[in-house]
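> Mind looking at a prediction? Sequence and model below.
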Amino acid sequence: MDTIRRFYNYYISEDKELTRRLKQILGFTPARLNLFKTAFYHKSMTNETPGKATNERLEYLGDAILSTIVAEYLFKKYPNKDEGFLTKMRSKIVKRQTLNEIADNMGLDVILSDYSLGKMSSSMLGNALEALVGAIYIEFGYDKTKDYIIKNILMRYLNMTELETKDDNHKSQLLEWCQKNGKEINFTTLAKFKLDKRDCFKVAVVIDGVEMATSEDFNKKSAEQAAASKVMQKLNIAE
């Protein structure tokens, strides 16, 4: 049955162009095409098409599946490393910035742009990637999904040796620097507003009562990281 569906999706379906794009990116033709379409349908579009399913449920599923696969992969790859090392490595891999970069390198932005109303944020890329993982899991089951993720994502788009030594948690680094130097630091949310029908946050980094930098993003944590990075550059703190 799946073979017939894939043939139909690729050659006959009104969405055959999408199917062919997906095959170029993913390396296979989806049988459950509507599921993969939903993976790119962001919640910001619900105002335009009330009642239409978004990728949030698939994103939830994909996030859990991806985290499990990464944990197992790291456990086997580093048999002599402790829990702390494994936890940090998993965090570096599944964090939003890393997923955004992987999704961009995969070319998901080309498809996502067709499903975005207004400005497309980088976080939407990572969301779509997690949703795709959820769709792949439903399509193939856990074992095939695990093999696919390891071969086509982890091994293709990540430099594990570089990740071992990389520390791009600017907020953590800045907090540590302030603690060492007796500085009082606060991350303050200055505003929460709507931009292209999505929540957007403006945050500030305040050190010893002085506002050092601000940043805006659709994700509050990302805004804090960006603001912290600006402060570190301003204070010439080595990253």
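Here it is on my side, so go on.
> for the lengthiest helix in the chain, packing partners?
Scanning the chain for the helix with the most residues, using DSSP state H, yields helix 56-77. Identification of packing neighbours for helix 56-77 by 3 or more CB pairs under 8 Å, 6 or more residues apart in numbering; DSSP states H and E yields helix 83-94, helix 122-140, helix 142-149. No exception for glycine: its C-beta is placed from N, CA and C like everyone else's.
> Might you calculate how far it sits from the centre of the chain?
Using CA atoms, centre = their mean, to the nearest Å, we find the averaged C-alpha position of helix 56-77 to lie 12 Å away from the chain's own average C-alpha position.
> For the helices and strands packed on helix 56-77, give me a markdown table that also has distance to Trp177 and mean neighbour count.
A markdown table is the format used below for the helices and strands packed on helix 56-77 (distance: least, CB to CB, whole Å; neighbours: other CB atoms under 10 Å):
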| stretch | distance to Trp177 | mean neighbour count |
| --- | --- | --- |
| helix 83-94 | 19 | 15 |
| helix 122-140 | 26 | 24 |
| helix 142-149 | 36 | 15 |
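> Compare these and report which one is nearest to Leu190.
Among these, helix 122-140 comes nearest to Leu190, with 19.3 Å by CB to CB.
> helices and strands around that closest one, which ones?
Helix 122-140 packs on helix 33-38, helix 56-77, helix 96-106, helix 108-112, helix 142-149, going by 3+ CB pairs under 8 Å, 6+ apart.
> so which of those gets nearest Ser121?
Nearest to Ser121, of all those, is helix 96-106, at 9.0 Å by CB to CB.
> what is the mean pLDDT for the closest one?
Averaged over helix 96-106, pLDDT sits at 93.
> For Lys230, list the residues it contacts.
Listed by CB atoms under 8 Å, 6 or more residues apart in numbering, the contact set of Lys230 reads 205, 212-213, 215.
> Among the residues you listed, which pair sits farthest apart?
Distance extremes for the contacts of Lys230: the farthest pair is Met212 and Ser215 at 11.0 Å, using CB to CB.
> Check this structure and tell me which residue is nearest its centre.
Gly126 (2.4 Å; CA atoms, centre = their mean).
> my read: it touches Asp104, true?
No. Gly126 lies out of contact with Asp104 (CB atoms under 8 Å); the separation is 9.2 Å.
> Count the residues that sit near Val52.
Slight slip there: residue 52 is Lys, not Val. Using other CB atoms under 10 Å, Lys52 has 10 other residues around it.
> Do me a favour and get the end-to-end distance for stretch 178-197?
Looking at stretch 178-197, the gap from its leading to its trailing residue is 36 Å under the measure CA to CA, to the nearest Å.
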